[in-house]
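Visitor: need a structure here:
(2 chains)
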Protein chains: 2
Amino acid sequence: MGAAPGGCRCVKPSKLLLSLPLLSAFLLVRGESNVHAMDNAATEMMAEESHRQDSANLLIFIMLLTLTILTIWLFKHQRFRFLHETGLAMIYGLLVGVILRFGVHVPQSTSDVMLSCAHNASPPTLLVNVSGRFYEYSLKGEVSRGKGHQVQDDEMLRKVTFDPEVFFNILLPPIIFHAGYSLKRRHFFRNIGSILAYAFMGTVISCLFIGLIMYGVVSFMKIVGQLGGDFYFTDCLFFGAIISATDPVTVLAIFHELKVDVDLYALLFGESVLNDAVAIILSSSIVAYQPAGDNSHSFEGMAMLKSFGIFMGVFSGSLALGVATGVMTALVTKFTKLRDFPLLETALFFLMSWSTFLLAEACGFTGVVAVLFCGITQAHYTYNNLSPESQDRTKQLFELLDFLAENFIFSYMGLTLFSFQSHVFNPLFIIGAFVAVFLGRAANIYPLSFLLNLGRKNKIGNNFQHVMMFAGLRGAMAFALSIRDTETYARQMMFSTTLLIVFFTVWICGGGTTAMLSFMSIPVGVDSDQENSSSTALGGSQRRNTKHESAWPFRIWYNFDHNYLKPLLTHSGPPLTATLPSCCGPLARCLTSPQAYENEGQLYDDDFDFNPNEANVSSMYADVTVSTDSSGSHTTNRKRSSTASTGGGPTDEGMDHELALAEHEVAIRGTRLVLPMDDPVEPPTTVTLPPPPSPPRSDPRRHRL
Amino acid sequence: MGAAPGGCRCVKPSKLLLSLPLLSAFLLVRGESNVHAMDNAATEMMAEESHRQDSANLLIFIMLLTLTILTIWLFKHQRFRFLHETGLAMIYGLLVGVILRFGVHVPQSTSDVMLSCAHNASPPTLLVNVSGRFYEYSLKGEVSRGKGHQVQDDEMLRKVTFDPEVFFNILLPPIIFHAGYSLKRRHFFRNIGSILAYAFMGTVISCLFIGLIMYGVVSFMKIVGQLGGDFYFTDCLFFGAIISATDPVTVLAIFHELKVDVDLYALLFGESVLNDAVAIILSSSIVAYQPAGDNSHSFEGMAMLKSFGIFMGVFSGSLALGVATGVMTALVTKFTKLRDFPLLETALFFLMSWSTFLLAEACGFTGVVAVLFCGITQAHYTYNNLSPESQDRTKQLFELLDFLAENFIFSYMGLTLFSFQSHVFNPLFIIGAFVAVFLGRAANIYPLSFLLNLGRKNKIGNNFQHVMMFAGLRGAMAFALSIRDTETYARQMMFSTTLLIVFFTVWICGGGTTAMLSFMSIPVGVDSDQENSSSTALGGSQRRNTKHESAWPFRIWYNFDHNYLKPLLTHSGPPLTATLPSCCGPLARCLTSPQAYENEGQLYDDDFDFNPNEANVSSMYADVTVSTDSSGSHTTNRKRSSTASTGGGPTDEGMDHELALAEHEVAIRGTRLVLPMDDPVEPPTTVTLPPPPSPPRSDPRRHRL
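Guide: Here you go, the predicted structure:
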């Protein structure tokens, strides 16, 4: 770079000297020879001070989270259920926000230097030539407009305000990945058509609906003279997009704990996971729609089409990237014997999943969306190739990351209500938004449910629809999308309103879920095992029904996945030698894992359940197997002791997972023997365990054939 | 802050416009009304571009790590042992460094803006007034001196160069915490006197020795005219301090895999863990010694004393903080029933451990050192209170974090050799440094071993001393300390030399460890179980010996810890009602956990082994217990299958850990019954498992009493 041709007189406010007496003493006595040493020492001291401050700020959050954890424990211990942990985290955040805002007065000791400059843009990197030495500065963001003169007053509050990109690049990815990774439920795939309808069409409907209502509200506000800045139709649509994303984790936790009907659970969970992805890309498409060179903000066909193109491009690109990384991980874990070393395997799994995010971001796609589909792919394929230890480890790792990130975001939300400095609370807008959100949700659920019920054998009942309507909580994603850009008046108003909507839905709707469920007479406490065994008692006919319930594109996909993808990417499924045409023989032999021949008995058995190692199924069989082991084996002991330790109350989610995982191996071993081997090509050669002496329940696999 | 009273003409290099044609087009056609919108769009675009670049850079490292993991697997699979994974990571880093340096030519598309300014210091935060809007910039660091004009050429290389503080604040803490957390070995405490001697006295000796030799070398260089800048005696001492830290992880991995003698392992591991802490604080004390206002750099009694005071203050402060957080976690986990919810427990454990680091940094102590002692305290107390699931989870979590951070640092080291732009390779200095490091290590090991052998019953043999001499690898800590400050000529030369020493020791010494061990006829392949059982065969007499081997301060500490701290902080140990004077009865009853009464039988048994749940012991008993379970239980199966899957070769560390942990519960249950209950106060009421029918080995506990 050419050296700066023109000089620049910069201003060092005298407060710098006043505030750091030590430093100023140094500066006053310095000689010419050691200017640099002095500068270094001063810089170092200030950097140290700033680092110390950062540590203290982060410490506030860690303490908040610790406090939240302890209170969650107390609530769980006492079986309070009216307030979920996320709501709790928000309350603590609020309290700390109040304290920071009104309780703490930081002495005006900032060492910021104000440079005035006629430069037109704010570059991401700034090189400052300080008496011949070059310092690199990176852009942290714009300081709230018109507040440049009172920046120092809000120093403390500004310090605890994180870069919004932290949410998108650090906190959301583990949450979304975990949602995808824990999505491995048969009921999800059984309802996939409805879930896709709610998530895609529903979110778009809700976005348009909210956008239109808000445009009406904003127009009215303009007439009344309540509007303090620009608010275009695209802003309204943008608000519709960000507020349409329902939160997977809050819903998931409450429903999981209450053990509601599995289909309702699957519908809500699936919708809320996928509509996050839709909302992200929808909102970025709407931003892209705004023609920056053209200030009209009016409707325009071409720009609309372009926006739609961007939506489709970014969505499919992110999806493809996520799936590709998942498939690559599956292939690597299949064709190496990495499972001998669980640490390496877990590390690889973690790194590959993370690289999806980075790759998508580097390619200009949406990392969070890519991570979601990567999670689903990893759960569907890679998970089956992992060693039992790694299955445990990866589940637990992402569960922990998810827990921490989730609670951090909700604490931060509470804190932001007081620490954010550009809130615009407009009563009219807020009331309008609440009404719009309610109506938007209704316009999503009821018409779509009606249409879906035309095609569904297993209808979505009215009570289910009301619960889905009620359970549309807004959470982390809506917050992250709205805090991302708070530059303009419109965005600030949206952010403040979003915050209030999140508070309301999490506290009121989240807290009232139990009451709502009993009011709607939805059966709670449905044990996933029981549900399974009752459907098991009905025998194969019902399962065949659920298969035929699905629309034909899904059935084609099921067969393709089961016959070709599963055997290619995992150790399970039928061997490729059996499914591929005989001309591909050598290739098929080369790609099929030896274990697949062993599992071949499941070929005709699992043509619908293409997720045979799924937690539900395995825990179902695990019961049978464990009960046959009458010698007091440790697995049985362990199960009993952990059930006892939860005091018979609602079992912890993590524990459930773990149990299912731990008994997974057992289940496979136990059931393989029961299977009638009607395919004589490759009979299994390793029969080591005796068959269960008296299976207490009818075994669906035996019934089937 | 007062608004800038004087204007500042800043310079926008024309390259900015050239490099971003889109942006410049925007800038050229803009109207007055939408300047801000334009600026926003331009800023956003640049920020996005920068974000994309960052993602791509991080992706390089993730790919590097993935590649490393796959190659590690291949090496383990093929049982290559001449190159350790850290050495491998460095090689890959080197290759990528070469490619980035010579292969990739980035178009000069930087959008940096050069501001020249007469300002005297470089403040950590800069507020730039861009046409009425304020942007906040944060200091990233100084750009290498005199290279301001060629900054752009090295853009790519600069981009992959991380902020050195990343190493101290993100990568080192998990490594050091893991070292502390996995330190829970009886052999460590058996040799604690010697370990402290090597770690404290040895490191100080080595630091002084290397400093003196280097001062000689530097003086010679000055005479010969090879010195291109200032190099004071304090710089020499600083070099001595940073290069005296031996690396725990590399040594640990090689020795663990080779299963060397447990005492040798404990000596080396303990020394390398503790001397990291010593080196950090020693180096910062030496920096503090440099009297900044006084340019003499000569010896001065008062400053020396002050430095020593800082050393002691920072060390004891960090130690106290780390221990305090550990104790707090132990108390929280003891007095709440958090163990019913492993996820909450693990999250709390993680957050408390992290808060140690932040707290220490916020208080001005050294976070890394605090984290080390926190890890030791957590392992010693808190670990016993955790549920088995959390014990697994925490171990695995920190193992993974340690693995990733360690390999990242070593990859980065390789990369730095080519990407760092201010290397100063001086042949004389390098040769001098190698000699000094060798002699410094010798001056640490041999004299101290001689002195220690005077007091030790279990002498440190000559061959052990040679191996300790040889195994003084330098690694992550030396690198992190040397990259922290590369401002001056002296520091740059130190950094380059440190890099070479790390490469040499990791490749040559690390790779030659196996050969060295066989040359020195050190028994390798000593199974920890075997070692235990042979010492077990000798009966209690030898164990009593090891107790009396320890010096009296340690014995007092042992008793205090066992009688008061363990029962107070954990569920194990003798009940406080038995150890406290009777006047404290109510308090003691209130503080003792109900489980302690159950464990009371161990009171007389474990007065030396105050670590009864230790992995070694448990795996020893686990063998016994598992073999009694003749019905083919899953634990046995699992053990067998994992032993089989490692092909009988060196078992993976992670797997060992896990096995030991999984069988830990079993072991406790199995052995409790064997214990003769000679304290009739509270006989255990829950006897569920039958006693082992035929214990194949003599049980030390039975022998003892």
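Visitor: what ranges does the stretch 51-200 of chain A have for its helices?
Guide: A:85-98, A:155-160, A:164-166, A:172-181, A:186-190, A:192-196 (DSSP state H, counting those that start in this stretch).
Visitor: could I get the average pLDDT for the fifth one?
Guide: Per-residue confidence for helix A:186-190 averages out to 78 on the pLDDT scale.
Visitor: ditto for the first one
Guide: Confidence for helix A:85-98, expressed as mean pLDDT, is 86.
Visitor: in stretch A:318-334, which residues are buried?
Guide: Neighbour counts over stretch A:318-334 (16 or more other Cβ atoms under 10 Å in any protein chain shown) mark A:318-319, A:321-334 as buried. To be clear about C-beta, it is placed using only N, CA and C from the backbone, and glycine gets the same treatment.
Visitor: please apply the same query to stretch A:434-445.
Guide: Those would be A:Ala436, A:Val437, A:Gly440, A:Arg441, A:Ala443, A:Asn444, A:Ile445, for stretch A:434-445 by 16+ other Cβ under 10 Å.
Visitor: sorry, back to before: list just the nearest of the buried residues of stretch A:318-334 to chain B.
Guide: Closest approach to chain B among the buried residues of stretch A:318-334 (Cβ to the nearest Cβ): A:Val332, at 7.3 Å.
Visitor: I'd assumed B:Leu67 was in contact with that closest one.
Guide: No. The criterion here is Cβ atoms under 8 Å, and A:Val332 misses it with B:Leu67 at 11.2 Å.
Visitor: in a markdown table: the buried residues of stretch A:434-445, plus secondary structure, distance to B:Pro427 and pLDDT.
Guide: Shown next, in a markdown table, are these (DSSP: H, G, I helix; E, B strand; the rest coil; distance: Cβ to Cβ, whole Å; pLDDT from 0 to 100):
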| residue | secondary structure | distance to B:Pro427 | pLDDT |
| --- | --- | --- | --- |
| A:Ala436 | helix | 74 | 94 |
| A:Val437 | helix | 72 | 93 |
| A:Gly440 | helix | 73 | 93 |
| A:Arg441 | helix | 74 | 92 |
| A:Ala443 | helix | 77 | 92 |
| A:Asn444 | helix | 73 | 90 |
| A:Ile445 | helix | 76 | 91 |
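Visitor: of the residues you listed, closest to B:Leu372?
Guide: Of all the buried residues of stretch A:434-445, A:Val437 has the smallest distance to B:Leu372: 50.5 Å, by Cβ to Cβ.
Visitor: can you verify my assumption that that closest one contacts A:Gly240?
Guide: No. Using Cβ under 8 Å, A:Val437 is not in contact with A:Gly240, being 9.3 Å away.
Visitor: the closest residue to A:Phe255 other than its chain neighbours: what secondary structure?
Guide: Nearest non-adjacent residue to A:Phe255, counting by Cβ to Cβ, 6 or more residues apart in numbering or on different chains: A:Tyr265, 5.0 Å away. Here A:Tyr265 is recorded as helix under DSSP: H, G, I helix; E, B strand; the rest coil.
Visitor: got the contact list for A:Ala379?
Guide: Residues in contact with A:Ala379 (Cβ atoms under 8 Å, 6 or more residues apart in numbering or on different chains) are A:Gly180, A:Tyr181, A:Ser182, A:Leu183, A:Lys184.
Visitor: what is the mean pLDDT for stretch A:383-390?
Guide: Stretch A:383-390 carries an average pLDDT of 89.
Visitor: which is the next helix or strand following the helix or strand containing A:Ile286?
Guide: If you go by DSSP states H and E, A:Ile286 is part of helix A:262-289. Under the assignment DSSP H and E, the closest C-terminal helix or strand after helix A:262-289 is helix A:301-335.
Visitor: what mean pLDDT does that next one get?
Guide: In the prediction, helix A:301-335 has an average pLDDT of 88.
Visitor: can you tell me which residues in the stretch 301-450 of chain A are near chain B?
Guide: A:332, A:336-344, A:346-348, A:350-352, A:354-355, A:358-359, A:361-362, A:364, A:367, A:388-389, A:392-393, A:396-397, A:399-400, A:403-404 (Cβ under 8 Å from any Cβ of the partner chain).
Visitor: hmm, try it at 7 Å
Guide: Proximity of the stretch 301-450 of chain A to chain B, by Cβ under 7 Å from any Cβ of the partner chain, involves residues A:336-338, A:340-344, A:346-348, A:351-352, A:354-355, A:358-359, A:361-362, A:364, A:389, A:393, A:396-397, A:399-400, A:403-404.
Visitor: inside helices: which ones of the residues you listed?
Guide: Residues of these located in helices (DSSP state H): A:342-344, A:346-348, A:351-352, A:354-355, A:358-359, A:361-362, A:389, A:393, A:396-397, A:399-400, A:403-404.
Visitor: looking at this, A:Val524 is in a helix?
Guide: No. Counting by three-state DSSP, A:Val524 falls outside a helix, being coil.
Visitor: quick check: pLDDT value at it.
Guide: 73.
Visitor: next one: phi and psi at A:Ser182?
Guide: phi -100, psi 10 (degrees, to the nearest 10).
Visitor: any idea how far chain B is from A:Leu274?
Guide: For A:Leu274, the distance to chain B (Cβ to the nearest Cβ, to the nearest Å) stands at 24 Å.
Visitor: one more: A:Leu591?
Guide: 19 Å.
Visitor: so that residue touches A:Thr579, yeah?
Guide: No. The pair A:Leu591 and A:Thr579 fails to qualify as a contact (Cβ atoms under 7 Å) at a distance of 11.1 Å.
Visitor: state the mean pLDDT of stretch A:162-173.
Guide: Per-residue scores along stretch A:162-173 average to 82.
Visitor: thinking again about what came up before, give the intersection of the neighbour lists for A:Val437 and A:Gly240.
Guide: A:Ile210 (Cβ atoms under 7 Å, 6 or more residues apart in numbering or on different chains).
Visitor: all the strands of chain A, residue numbers only.
Guide: For chain A, the strands defined by DSSP state E cover A:113-117, A:125-130, A:133-142.
Visitor: any idea of the mean pLDDT in the shortest one?
Guide: Here the mean pLDDT over strand A:113-117 is 52, rounded to a whole number.
Visitor: also the last one?
Guide: pLDDT averaged over strand A:133-142 equals 62, rounded to a whole number.
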